[in-house]
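S.K.: Here is my input; please provide its structure:
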Amino acid sequence: MRSAVDLRSLLLLFVLAPTLAHPVSLLENTLESLRDADSAMVDGVPLLSGRLLADFYHQRGNEVVWTDPVRLRAFLEVLEDSHRDGFAPEDFHAGVLRALISRQSLADLPEAARIGADIKLSDALLRYVHHTRFGKLDPVAVDPKWNDRAPVPAGQILADMQGALDAEDVRGYLAARFEPPFWYEDLRRALGDYAGMARLKDLTPLPSGANLAIGSRGPRVALVRERLQWVGVDADHWSGDLELFDEGLRSEVVAFQRRLGLSPDGIVGPATLAALNRPFEPEKLEQIRINLERMRWLYHDLPPDYLFVDIADYRVHLVRAGEIRWSSRVIVGKRDAQTPMFRDRLEHLVFNPTWSVPLSIQKKMGRVSAHYTLVDRRTGRKLNGGDASNYKRYRVVQKPGPANALGRVKFMFPNRHAVYLHDTPSKGLFRRSRRALSHGCVRVQNPFQLAELVLDRPTWDQARIRRVVRGNRTRYVNLDQSLPVLLYYLTARADEQGRVSFRPDIYGRDEGLRKAFTGPVLETRIAFPDPPAAPSSEEPGPLRARPTQEDLEAPNQPIPLPEGRLRLTETEQPVAPVSARIP
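M.R.: You can find the predicted model right below:
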């Protein structure tokens with residue numbers, strides 16, 4: 001039975017027990033008490049995972065590990081700099097560590113206090129390697145409906161912890177464990193730049209007045225130029241009449257509006273003027289921090305090639321060799337049918353797909369044309385068109401064609417949300433600036449281009465794709481190598497110059513994340529390897545030979561098992577039922 005453990009009491013108990021009084025057994029028994037505890041703390045300091053700490057010390061011979069004062073000071077410097085990634089040093093017990101390090105030597109502490117100090121230091125290291133590689137928060141704990149991620153692997157965390165203690169340069173090791181993707185580094189730099197703008201919060205407000213646009217002239221235009229310089233606009237290319245609102249100024253106003261999530265009309269109206277009067281907002285700083293956290297949730301072991309769906313920006317990007325090589329507009333889920341945030345792998349494409357009409361839509365349908373197939377749920381008999389309202393008897397499938405709700409191609413990566421990328425016959429919707437319009441799936445503006453790029457074969461060019469589509473027959477095409485797909489909900493991103501683009505929180509997810517991120521983390525989901533199976537007392541019998549063609553064709557004969565171990569394929573393994581998702 002798992003329970004909460006206060007190590008201070010346990011350490012005192014072990015110290016008072018003479019048979020457990022030597023250092024190794026005291027630490028070892030303390031750690032064993034952690035292994036099955038739901039939660040544990042030392043002197044009021046919560047531990048992230050008692051089981052992982054017990055495994056960590058077991059790998060190091062159940063001995064105290066923080067014995068080098070130089071390493072301790074270097075580690076504290078790392079924690080003090082964690083604000084550069086949006087953390088607070090107190091996320092890693094920095095205050096406790098400062099007090100411990102201020103002592104001449106940890107070895108002078110009483111035995112129980114020495115062990116408690118060592119465990120707190122190791123928990124700080126555990127938290128640091130966990131938070132920087134996987135994020136401080138478990139995304140599923142933050143929002144189990146719209147976030148997905150498997151528990152983090154214990155082996156990776158342990159390897160990072162062991163590496164930090166074995167490295168001569170602990171700071172260098174922790175910084176070089178992995179290379180974050182470019183979009184994380186861009187926003188990380190932007191965090192530092194934006195924090196430096198705090199000096200601008202007390203600037204004199206710009207005077208109000210009529211809207212400023214192309215052709216406007218006067219001292220207010222010059223003041224707008226000056227304010228844009230304060231917020232990072234390069235004014236070296238400005239020349240001529242600074243009191244004239246020209247095309248160059250309009251371009252900079254548009255860029256500023258986009259960064260702040262304002263309507264990019266190039267006009268300095270009330271909303272843009274208010275933003276110029278508040279170039280630094282503490283709330284925006286927090287917005288950058290929580291989006292760095294979101295990025296950490298899915299970027300672990302990310303290869304150089306992947307598909308990146310930027311939900312709140314209504315864009316999809318194909319990244320090759322760590323650089324964006326192609327982008328397109330997308331349509332994402334509505335507020336009441338949101339596109340979830342998760343990571344998966346694109347496995348195959350379907351040209352000329354059918355569409356199984358979800359029950360929620362079928363209930364509103366009456367008679368349908370021959371473009372739809374009614375499938376009898378009891379007999380499997382198919383009808384071309386008919387009365388679709390009898391949803392208890394029939395399911396409805398839309399046939400392939402130009403009017404199909406999925407368009408001419410869909411991009412499949414199996415997931416519990418039944419969400420995927422696909423074409424759409426409603427091309428006009430891509431002209432809208434706000435495109436949260438679907439029932440959860442992601443509609444792509446240029447799907448044929450994306451199909452050619454992800455298939456990445458000379459035999460699958462645009463000409464062949466269009467020939468296949470014109471044939472109107474459903475065709476499945478596997479990728480030679482599956483491609484990671486990241487569906488990210490980000491309300492702040494930065495470009496390579498560190499200029500931040502703030503997006504509207506279309507799904508209202510920021511506030512809950514902000515509250516969780518500023519609070520303490522008491523536990524997280526960690527995947528530990530299964531214990532080795534107990535050896536069987538029965539001797540396995542000999543495996544039978546691989547079945548021959550005669551075996552397969554012989555009637556009513558048992559088919560012999562093949563040689564070697566049997567392994568279920570992914571499609572043969574039992575899977576949880578998937579809820580229907582309307583595109």
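
S.K.: which stretches of the stretch 51-200 of the chain form helices?
M.R.: Here the stretch 51-200 of the chain has its helices, by DSSP state H, counting those that start in this stretch, at 69-80, 94-101, 111-134, 139-142, 154-166, 170-176, 182-195.

S.K.: nearest to residue 374, of those?
M.R.: helix 139-142 (38.8 Å; Cβ to Cβ). In short, each C-beta sits where N, CA and C put it, glycine included.

S.K.: Can you point out the buried residues in that closest one?
M.R.: Residues 139-140, 142 are the ones in helix 139-142 that count as buried (16 or more other Cβ atoms under 10 Å).

S.K.: Export those as CSV, with columns for pLDDT and distance to residue 153.
M.R.: Shown next, in CSV, are the buried residues of helix 139-142 (pLDDT from 0 to 100; distance: Cβ to Cβ, whole Å):
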residue, pLDDT, distance to residue 153
139, 97, 16
140, 97, 15
142, 96, 20
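
S.K.: nearest to residue 296, of those?
M.R.: residue 139 (9.5 Å).

S.K.: Now do the same contact list for that closest one.
M.R.: By Cβ atoms under 8 Å, 6 or more residues apart in numbering, the contact list for residue 139 reads 147-149, 294, 297, 341.

S.K.: Find the residue at the geometric middle of the chain.
M.R.: Residue closest to the average C-alpha location in the chain (Cα atoms, centre = their mean): residue 298, at 3.3 Å.

S.K.: Read off the pLDDT value for the residue lying closest to that one once chain neighbours are set aside.
M.R.: Leaving aside its sequence neighbours, residue 298 sits nearest to residue 343 (Cβ to Cβ, 6 or more residues apart in numbering; 4.4 Å). pLDDT, residue 343: 97.

S.K.: Mind checking which of the contacts of residue 139 are buried?
M.R.: Buried, going by 16+ other Cβ under 10 Å: 147-149, 294, 297, 341, out of the contacts of residue 139.

S.K.: what's the farthest-apart pair in the residues you listed?
M.R.: 148 and 294 (12.9 Å).

S.K.: circling back: and the buried ones among the contacts of residue 139 as a markdown table, adding distance to residue 485?
M.R.: Shown next, in a markdown table, are those (distance: Cβ to Cβ, whole Å):
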| residue | distance to residue 485 |
| --- | --- |
| 147 | 15 |
| 148 | 12 |
| 149 | 14 |
| 294 | 16 |
| 297 | 15 |
| 341 | 12 |
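
S.K.: residues contacting residue 184?
M.R.: For residue 184, the contacting residues are 292, 295-296, 299, by Cβ under 8 Å, 6+ apart.

S.K.: ok, 10 Å please
M.R.: Residue 184 makes contact with 85, 291-292, 295-296, 299, 302, 493-494, according to Cβ atoms under 10 Å, 6 or more residues apart in numbering.

S.K.: Please identify, among the residues you listed, the one with the most neighbours.
M.R.: Neighbours here mean other Cβ atoms under 10 Å. Within the contacts of residue 184, the largest count is held by residue 291, at 28 neighbours.

S.K.: now it: how far from residue 178?
M.R.: 19 Å (Cβ to Cβ, to the nearest Å).

S.K.: Tell me where the model's unsure across the stretch 51-200 of the chain.
M.R.: In the predicted model, the stretch 51-200 of the chain carries pLDDT under 70 at residues 104, 200.

S.K.: quick one on the thing from earlier: give the residues shared as contacts by residue 148 and residue 294.
M.R.: Contacts common to residue 148 and residue 294, judged by Cβ under 10 Å, 6+ apart, are 139, 341.

S.K.: ranges for the strands of the stretch 251-400 of the chain?
M.R.: Ranges of strands in the stretch 251-400 of the chain, per DSSP state E, counting those that start in this stretch, are 306-310, 315-320, 323-333, 342-351, 355-356, 367-376, 382-387, 394-398.

S.K.: Contacts for the second one, please.
M.R.: By Cβ under 10 Å, 6+ apart, the residues outside strand 315-320 that reach it are 181-183, 302-310, 323-330, 332, 411, 421, 435, 442-446, 449-450, 453-454, 456, 483-487, 493.

S.K.: And the pLDDT at residue 241?
M.R.: Value for residue 241, per-residue pLDDT: 87.

S.K.: tell me the contacts of it?
M.R.: Residues counted as contacts of residue 241 (Cβ under 10 Å, 6+ apart) are 217, 221-222.

S.K.: From these, pick the one nearest residue 208.
M.R.: When those are ranked by distance to residue 208 (Cβ to Cβ), residue 221 comes first, at 13.9 Å.

S.K.: Please give me every residue in contact with that closest one.
M.R.: For residue 221, the contact set (Cβ under 10 Å, 6+ apart) comprises 212, 241-246, 249, 268.

S.K.: residues touching residue 379, list them.
M.R.: Contacts of residue 379 (Cβ under 10 Å, 6+ apart): residue 393.

S.K.: follow-up on the earlier one: of all the contacts of residue 221, which two lie farthest apart?
M.R.: The largest distance within the contacts of residue 221, taken as Cβ to Cβ, falls between 241 and 268 and amounts to 16.8 Å.

S.K.: related to what we said a few turns ago, show me how to select, in ChimeraX, the buried members of the contacts of strand 315-320.
M.R.: Per 16+ other Cβ under 10 Å, the buried members of the contacts of strand 315-320 correspond to this ChimeraX selection:
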select :181,183,302,305,306,307,308,309,310,326,327,328,329,330,332,411,421,435,442,443,444,445,446,450,453,454,483,484,485,486,487,493
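
S.K.: Would you confirm that the residue nearest to the centre of the chain contacts residue 135?
M.R.: Yes - counting by Cβ atoms under 10 Å, residue 135 is a contact partner of residue 298 at 8.7 Å.

S.K.: shared neighbours, these two?
M.R.: Shared contacts of residue 298 and residue 135 (Cβ under 10 Å, 6+ apart): residue 149.

S.K.: Can you read off the pLDDT for the residue nearest to residue 507 when sequence neighbours are not counted?
M.R.: In this structure, residue 507 finds its nearest non-sequential neighbour in residue 338, 5.1 Å apart by Cβ to Cβ, 6+ apart. For residue 338, the model assigns a pLDDT of 96.

S.K.: For residue 338, grab the count of nearby residues.
M.R.: With other Cβ under 10 Å as criterion, residue 338 counts 24.

S.K.: I'd say it and residue 332 touch.
M.R.: Yes - at 8.0 Å, residue 338 counts as touching residue 332 under the criterion of Cβ under 10 Å.

S.K.: got any residues that touch both of the two?
M.R.: 311, 419, 436, 438, 440, 489, 506-507.

S.K.: biggest separation within the residues you listed, which pair?
M.R.: 419 and 506 (16.4 Å).

S.K.: which of those two has more neighbours?
M.R.: Neighbours were counted for residue 419 and for residue 506 using other Cβ under 10 Å; residue 419 has more, 24 against 20.

S.K.: quick one: that one and residue 344 touch, right?
M.R.: Yes - counting by Cβ under 10 Å, residue 344 is a contact partner of residue 419 at 9.0 Å.

S.K.: can you tell me the helix or strand for the spatially closest residue to residue 266 that is not a sequence neighbour?
M.R.: Of all residues not flanking residue 266 in the chain, residue 250 sits nearest, at 4.1 Å (Cβ to Cβ, 6+ apart). Assigned by DSSP states H and E, residue 250 falls within helix 247-259.

S.K.: ok and that helix relative to helix 182-195, angle-wise?
M.R.: 100 degrees (axes from the mean of the first three to the mean of the last three Cα atoms, to 10 degrees).

S.K.: which of the residues in helix 247-259 are buried?
M.R.: Counting neighbours by 16+ other Cβ under 10 Å, helix 247-259 gives 249-250, 252-257, 259 as buried.

S.K.: Output the below-cut-off pLDDT ranges for the protein.
M.R.: Applying pLDDT under 70 to the chain flags the ranges 1-24, 104, 200, 232-237, 239, 533-583.

S.K.: For the residue nearest to residue 298, list each beta-bridge partner.
M.R.: Beta bridges link residue 343 to residue 486, judged by DSSP bridges.
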